[in-house]
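K.L.:
model this:
(2 chains)
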Amino acid sequence: MNMLNVGRVTRSELAADAPSEAHGIVHDEPLIFELGGWEKTGVDLPDPELDAGDLAGLLRQAPIGLPGLSEPETLRHYVRLSQKNHAIDLAMYPLGSCTMKHNPRLNEKIARLPGFADLHPMQPVSTVQGALAVMDLLAHWLKTLTGLPAVALSPKAGAHGELCGLLAIRAAHEARGDARRKVLVPSSAHGTNPATAALAGYQVEEIAQTPNGRVDLADLAAKLGPEAAAVMVTNPNTCGLFERDVLEIARLTHEAGAYFYCDGANFNAIVGRVRPGDLGVDAMHINLHKTFSTPHGGGGPGAGPVVLSQALAPYAPTPWVVSGAAGFDLVEERRGEAASAFGRLCAFHGQMGMYVRALTYMMSHGADGLRQVADDAVLSANYVKARLSEAMTAAFPDGPCMHEALFDDRWLEGTGVTTLDIAKALIDQGFHPMTMYFPLVVHGAMLIEPTETEPKREIDRFCDALLDLAAAAKAGETAKFKGAPFKAPLRRLDETAAARKPRLRWTP
Amino acid sequence: MRFSKEHEWVEVSGEVAAVGVTAYAAGQLGDVVFVELPELGKTVKAGEPLAVVESVKAASDVYAPVSGEVVEVNAGLPDAPETVNASPERDGWMVKLRLANPAEAEGLMDRAAYEQFLSTL
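P.N.:
This next block holds a predicted model:
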């Protein structure tokens, strides 16, 4: 018997009494350039067997200034940095309109298979048949789920997809000799919608919203006309509400000779339940990182494929995948079937790693699983709305919401506490804040999207935290809010100075 | 000084009118961090976007409360956007318009009517 182990305390009595509240983050981590200097190196590289004369005088004379850190030092630096931030892998991240859902690890496993991970975009197509099969199958799923006949996979993000859609719409109008001037966008739209329209060369006109948070049809009808190229509508919209008049929106839009662009950011609320093609949509981008669980940003560009109606399909950007007797091929040139393509959006075919992850997600869920994604996303949001309505004021209390619950700040009236203060105080509770002050059509907006991947216990923990804060705000405990966050690496930031006098470059 | 329902003010002096946003608007925007002013010579109709202000909360259009031609802009404002918060109804003026129709300004609210309007919001 090893007597050294006898009597060792294996369980701290204190541990049981320790408060279970969230812990703050304490590391104050310098930049990697401040940690290590160039004068030492953490790796042992062989001397180059290079004749400096080959470089024709271009040989570097001064050190390049890379920080010389060892592997453990480097690893610790990045692990500590990761701990300074909130992540979906730490706790709920209820950022409305952003759909911060869990990224299944199966996606990562499949994306790391060498047959996908080690490909180069300039390989001959005969050597990448499997990758092209993935793109073809992904295109098939996206077209089936949206009920639209064509898809451009290459856009690298939602906003890039919007640009793709509007350029296709512009090309379609111009092909008819009917260049048009303006794009109509509701007042509750994502800011990218008017920005995209402007970038595509259009004037933006705002469509009013009804008191129940939806597109004002009379205003839309009044603003449609021979100059309107497109109407951009998000459905479900940014208030978390389904545009019930969507068929009428499509009818009015088409009657005026315009195209119906749908911002598909919120497709996760209806996937498997509603096909946008059946609603009269002509073009819609799909944020793979929202609906289909790829990581946000994705360690590089993301992916925002755009589905297109029959009317717009001829103008889709190259390249796309075709299959024939000899296997899969990429249509790269603007000739033959691609003669009227408006061009291309990126150098190669798009973001392969995201295609693999999204297709993995689709195939592991299956059709019934994807339907349940939408069902559970909507159920979760309505549960949040119901629980929080005890203390907070829902912006649109009548009827259910879709995948996100929107509150205004009427419930904070007279407390001296603002939406911003609530968001900051939530950080101390161990949660990422909800989306605040968006959509702009609701005063002091708080937009909460729990997503279908949060278990009920975590949603309850979040609701409990927010209800506690609501009670504290109403009880006049303003000190709890005005100084918040107390448990973050940095306290209340000076957002004004950050915007007016940004320091964008590290200087020694 | 006259006021619009979109929270712009107009101060007419002869055939030229200075335009800015009201103290109420500046308070609602929060700290302004960016101001974009129109080009000289641009003509606008009442209700059309005239300038853009961006705060830490949001970007907003400033609408022309009256029609006219831009004859002067407050050139120092883009470099000192905080002036919009510090002095919205004086030093924070944005644009001077040569009025296309001087009677338009008369149709806007006076201060008492604007304050009455604010109390309904």
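
K.L.:
so the most centrally placed residue in chain B is in which element?
P.N.:
The centre of chain B sits closest to residue B:20, judged by Cα atoms, centre = their mean, with a distance of 2.5 Å. For residue B:20, the host element (DSSP states H and E) is strand B:16-21.

K.L.:
Please apply the same query to residue A:230.
P.N.:
With DSSP H and E as the test, residue A:230 turns up in strand A:228-234.

K.L.:
Provide the contact partners of the next helix or strand after that strand at residue level.
P.N.:
Heading C-terminal from strand A:228-234, the first helix or strand you meet, by DSSP H and E, is helix A:246-255. Residues outside helix A:246-255 that contact it (Cβ atoms under 8 Å, 6 or more residues apart in numbering or on different chains): A:215, A:217, A:220-221, A:224, A:228, A:230-231, A:233, A:235, A:243, A:259-260, A:279-281. No exception for glycine: its C-beta is placed from N, CA and C like everyone else's.

K.L.:
let's see it at 10 Å
P.N.:
Contact with helix A:246-255 is made by A:184, A:186, A:207, A:214-215, A:217, A:220-221, A:224, A:228, A:230-231, A:233, A:235-237, A:243, A:245, A:258-262, A:274, A:276, A:278-282, A:311, as judged by Cβ atoms under 10 Å, 6 or more residues apart in numbering or on different chains.

K.L.:
Local confidence estimate at residue 24?
P.N.:
You didn't say which chain, so I picked chain A. With respect to pLDDT, residue A:24 has a value of 53.

K.L.:
actually chain B
P.N.:
So, for residue B:24, pLDDT stands at 95.

K.L.:
and the helix or strand hosting it, how far from the chain's centre?
P.N.:
Mapping residue B:24 onto the secondary structure by DSSP H and E places it in helix B:23-29. Remark: helix B:23-29 is offset 12 Å from the chain centroid, using Cα atoms, centre = their mean, to the nearest Å.

K.L.:
Name the residues of that helix that are buried.
P.N.:
Neighbour-count burial for helix B:23-29 flags B:24-26, B:28-29 (criterion: 16 or more other Cβ atoms under 10 Å in any protein chain shown).

K.L.:
That helix close to chain A?
P.N.:
Yes. Against chain A, helix B:23-29 shows contacts by Cβ under 10 Å from any Cβ of the partner chain at residue B:28.

K.L.:
Let's see that helix as CSV, backbone CA atoms only.
P.N.:
Provided in CSV are the C-alpha atoms of helix B:23-29 (Å, rounded to 0.1, in the frame of the first residue of the first chain):
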residue,chain,number,x,y,z
ALA,B,23,-31.3,68.5,-30.1
TYR,B,24,-33.9,65.7,-29.7
ALA,B,25,-32.5,63.9,-32.7
ALA,B,26,-28.9,64.3,-31.5
GLY,B,27,-29.9,62.8,-28.2
GLN,B,28,-31.7,59.9,-29.7
LEU,B,29,-28.8,59.1,-32.1
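
K.L.:
Point out the other helices and strands that it packs with.
P.N.:
strand B:8-13, strand B:16-21, strand B:49-55, strand B:59-63, helix B:82-86, helix B:111-118 (3 or more Cβ pairs under 10 Å, 6 or more residues apart in numbering or on different chains; DSSP states H and E).

K.L.:
Of these, flag the one that's most buried.
P.N.:
By mean neighbour count, with neighbours taken as mean count of other Cβ atoms under 10 Å in any protein chain shown, strand B:16-21 ranks first of those at a mean of 23.

K.L.:
Run through the residues that contact residue 39.
P.N.:
By default, I'm working from chain A. By Cβ under 10 Å, 6+ apart, the neighbours of residue A:39 are A:63, A:68.

K.L.:
think we crossed wires, I meant chain B
P.N.:
B:70, B:73.

K.L.:
go with 7 Å
P.N.:
Residues counted as contacts of residue B:39 (Cβ atoms under 7 Å, 6 or more residues apart in numbering or on different chains) are residue B:70.

K.L.:
Show me which residues of chain A sit near chain B.
P.N.:
Within reach of chain B by Cβ under 7 Å from any Cβ of the partner chain, chain A has these residues: A:437, A:440, A:495-496, A:499-500.

K.L.:
Can you select the buried ones from those residues in ChimeraX?
P.N.:
To isolate the buried ones among the residues of chain A next to chain B in ChimeraX, judged by 16+ other Cβ under 10 Å, type:
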select /A:437,440,496,499,500
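
K.L.:
Among the residues of chain A next to chain B, name the ones in helices.
P.N.:
When DSSP state H is applied, the residues of chain A next to chain B are split such that A:495-496, A:499-500 fall in helices.

K.L.:
Could you dump those into JSON lines with pLDDT added?
P.N.:
Output for these, formatted as JSON lines (pLDDT from 0 to 100):
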{"residue": "A:495", "pLDDT": "82"}
{"residue": "A:496", "pLDDT": "83"}
{"residue": "A:499", "pLDDT": "84"}
{"residue": "A:500", "pLDDT": "82"}
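
K.L.:
so which pair among those is furthest apart in space?
P.N.:
Spanning the widest gap among those are A:495 and A:500, at 9.5 Å by Cβ to Cβ.

K.L.:
Now for the nearest residue to residue A:351 once chain neighbours are set aside, how many residues are close by?
P.N.:
Nearest non-adjacent residue to residue A:351, counting by Cβ to Cβ, 6 or more residues apart in numbering or on different chains: residue A:303, 4.4 Å away. Neighbour count for residue A:303, taken as other Cβ atoms under 10 Å in any protein chain shown: 29.

K.L.:
From residue A:274, how far out is residue A:303?
P.N.:
22 Å (Cβ to Cβ, to the nearest Å).

K.L.:
what's the answer for residue A:56, then?
P.N.:
To residue A:274, residue A:56 is 63 Å away according to Cβ to Cβ.

K.L.:
And these two? Which one has more around it.
P.N.:
Set side by side, residue A:56 and residue A:274 show more neighbours around residue A:274, with 19 against 7, by other Cβ under 10 Å.

K.L.:
State the helix or strand in which that one lies.
P.N.:
Taking DSSP H and E as the definition, residue A:274 sits outside all helices and strands.

K.L.:
And it, how close does it get to chain B?
P.N.:
Distance, residue A:274 to chain B, by Cβ to the nearest Cβ, to the nearest Å: 30 Å.

K.L.:
same thing with residue A:250?
P.N.:
According to Cβ to the nearest Cβ, residue A:250 and chain B sit 28 Å apart.

K.L.:
Please apply the same query to residue A:190.
P.N.:
Remark: distance between residue A:190 and chain B (Cβ to the nearest Cβ) = 13 Å.

K.L.:
residues in contact with the residue nearest in space to the middle of chain A?
P.N.:
Central residue of chain A (Cα atoms, centre = their mean): residue A:98, 4.9 Å from the mean position. Taking Cβ under 7 Å, 6+ apart as the criterion, residue A:98 is in contact with A:435, A:449.

K.L.:
So what touches the helix holding residue B:24?
P.N.:
For helix B:23-29, the surrounding residues in contact (Cβ under 7 Å, 6+ apart) are B:7, B:53, B:55, B:57, B:60, B:84-85, B:88-89, B:118.

K.L.:
which one of these is nearest chain A?
P.N.:
Set against chain A, the nearest of the contacts of helix B:23-29 by Cβ to the nearest Cβ is residue B:57 (4.7 Å).

K.L.:
Fine by me, thanks again.
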